[in-house]
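[1] okay, structure incoming, though there's no sequence with it:
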């Protein structure tokens with residue numbers, strides 16, 4: 001489901017703080033991108049004493065008005081997809097996979113893995129198109145959840161994250177943003193986004209965000225944000241310096257913000273004090289990268305390794321015509337990007 005149909009169905013996302021604490025009692029963890037599956041599960045668990053927690057790319061669901069009305073949608077569990085084997089180990093609750101990366105379940109939680117839509121795994125119970133989540137609900141009641149409240153954190157020790165800064169939310173403060181840029185309160189925008197993974201080198205994105213200047217705004221989306229989305233970067237003029245725009249599907253929103261800012265300043269997107277710093281993992285992200293290139297976006301930083309489809313000839317063409325470059329160090333890249 002794309003961003004337009006999401007907003008038509010669930011309302012325009014609103015900036016929302018999401019706790020990482022897990023309350024005691026039965027609960028279900030829902031991971032993936034499919035908001036419709038989450039909605040159906042929320043409807044089928046209402047009044048049953050079961051809390052629902054999002055995981056991974058389902059985090060932005062907390063910002064949609066129609067879903068926020070369910071009081072048992074409590075918070076977000078864990079961090080990014082590649083940490084699931086550690087974070088789900090001996091979990092006293094079922095996990096429902098909608099459209100997300102499923103790693104081979106460990107024996108300590110294999111009996112509580114449920115799949116639906118295109119996700120499946122040998123031995124896991126698959127919920128078919130009828131969307132009867134009774135087996136998931138029964139497993140949640142059987143396992144019973146934690147006996148005491150669990151205060152959990154992100155990878156940097158934060159106990160909450162925020163989401164819901166879609167293009168509508170950001171552009172509703174367009175006058176404030178434009179004035180902050182003109183006055184010098186905001187000197188630069190960084191879009192730090194993309195896919196996460198376990199490969200060494202991805203801590204670059206955590207350090208990059210930590211080192212961004214205090215007069216800059218960091219926009220983010222997709223699962224790469226779990227490297228740094230629990231950081232408190234403070235505010236500029238009442239606006240948080242770190243804004244989560246949502247799922248990878250919401251890249252459209254980031255483009256809309258860039259286009260609107262360019263219109264406001266009467267310049268091109270490439271003339272804005274805006275830099276794209278993207279983390280690469282899987283091939284579906286090529287669609288987003290190609291879209292940015294089609295729009296003429298230049299000087300993108302990409303890492304921690306370059307996509308496999310970038311042959312030497314293609315890479316040379318992108319370097320010469322678009323200024324695309326691999327990441328180096330946070331210090332050097334911030335210094336170079338701030339000069340552009």
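    On my side now, so go ahead. Since this is a predicted model, take the numbers as computed values, not measurements.

[2] please count neighbours and contacts with C-alpha atoms only from this point.
    Will do.

[3] all strands of the stretch 101-250 of the chain, in order?
    Using DSSP state E, counting those that start in this stretch, the strands found in the stretch 101-250 of the chain span residues 113-116, 125-127, 160-163, 188-194, 216-220, 235-236, 239-240, 242-244.

[4] measure stretch 45-52 end to end?
    Using C-alpha to C-alpha, to the nearest Å, one end of stretch 45-52 lies 9 Å from the other.

[5] what mean pLDDT does that stretch have?
    For stretch 45-52, the mean per-residue pLDDT is 98.

[6] check which residues of that stretch are buried.
    Within stretch 45-52, the residues that qualify as buried are 45, 50-52, counting by 16 or more other C-alpha atoms under 10 Å.

[7] pretty sure residue 150 is touching residue 19, no?
    No: using C-alpha atoms under 8 Å as the test, residue 150 is too far from residue 19 to be in contact (11.2 Å).

[8] which one of those two has more residues nearby?
    Taking neighbours as other C-alpha atoms under 10 Å, residue 150 and residue 19 compare with residue 19 leading, 19 against 12.

[9] so the more buried one versus residue 210, what's the distance?
    Taking C-alpha to C-alpha, one finds residue 19 at 21 Å from residue 210.

[10] about what we covered before: want to throw the buried residues of stretch 45-52 into CSV with secondary structure?
    Output for the buried residues of stretch 45-52, formatted as CSV (DSSP: H, G, I helix; E, B strand; the rest coil):
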residue, secondary structure
45, helix
50, coil
51, strand
52, strand
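
[11] between those residues, which sits nearest residue 130?
    Nearest to residue 130 out of the buried residues of stretch 45-52 is residue 45 (C-alpha to C-alpha; 15.9 Å).

[12] leaving out sequence neighbours, find the closest residue to that closest one.
    residue 137 (7.1 Å; C-alpha to C-alpha, 6 or more residues apart in numbering).

[13] neighbours of that neighbour, how many?
    If we define neighbours as other C-alpha under 10 Å, then residue 137 has 20 of them.

[14] which ones are touching it?
    Residues near residue 137 by C-alpha atoms under 8 Å, 6 or more residues apart in numbering: 28, 45, 50.

[15] helix/strand/coil for residue 54?
    Judged by three-state DSSP, the three-state class of residue 54 is strand.

[16] for residue 313, that is, sorry about that
    Relying on three-state DSSP, one would call residue 313 helix.

[17] remind me, longest helix of this protein?
    Identified as the longest helix of the chain according to DSSP state H is helix 251-265.

[18] closest one to residue 59 among the strands of the stretch 101-250 of the chain?
    strand 160-163 (7.5 Å).

[19] just how off-centre is that closest one within its chain?
    10 Å (C-alpha atoms, centre = their mean, to the nearest Å).

[20] and the residue nearest the centre of the chain, how close does it get to residue 246?
    In the chain, the residue lying closest to the centroid (C-alpha atoms, centre = their mean) is residue 222, at 3.3 Å. Distance of residue 222 to residue 246, computed by C-alpha to C-alpha: 6 Å.

[21] now do the shared contacts for these two.
    The contact sets of residue 222 and residue 246 overlap at residue 57 (C-alpha under 8 Å, 6+ apart).

[22] helices of the chain, start to end?
    Using DSSP H, the helices found in the chain span residues 3-10, 35-45, 65-68, 84-87, 134-143, 167-171, 174-183, 203-211, 251-265, 286-294, 312-322, 330-339.

[23] report the buried residues of the fourth one.
    Residues 84-85 are the ones in helix 84-87 that count as buried (16+ other C-alpha under 10 Å).

[24] show me what that helix is in contact with.
    Residues outside helix 84-87 that contact it (C-alpha under 8 Å, 6+ apart) are 78, 103, 105-106.

[25] select only the buried ones of the residues you listed in PyMOL?
    This is the PyMOL syntax for the buried subset of the contacts of helix 84-87, where burial follows 16+ other C-alpha under 10 Å:
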select buried, resi 78+105
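
[26] pLDDT and distance to residue 113 added to the contacts of helix 84-87, as TSV?
    Formatted as TSV, the contacts of helix 84-87 follow (pLDDT from 0 to 100; distance: C-alpha to C-alpha, whole Å):
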residue	pLDDT	distance to residue 113
78	95	16
103	94	11
105	97	8
106	97	10
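
[27] residue 176: which of the contacts of helix 84-87 is nearest?
    residue 78 (33.9 Å).

[28] just list the residues touching residue 78, thanks.
    Taking C-alpha under 8 Å, 6+ apart, we find residue 78 in contact with 20, 55-56, 84, 87, 152-154.

[29] closest to residue 142 out of the strands of the stretch 101-250 of the chain?
    Going by C-alpha to C-alpha, the one of the strands of the stretch 101-250 of the chain nearest residue 142 is strand 113-116, 13.9 Å.

[30] so how far is residue 214 from the closest residue to residue 160 other than its chain neighbours?
    Nearest residue to residue 160, sequence neighbours excluded (C-alpha to C-alpha, 6+ apart): residue 19, at 4.4 Å. For residue 19, the distance to residue 214 (C-alpha to C-alpha) stands at 25 Å.
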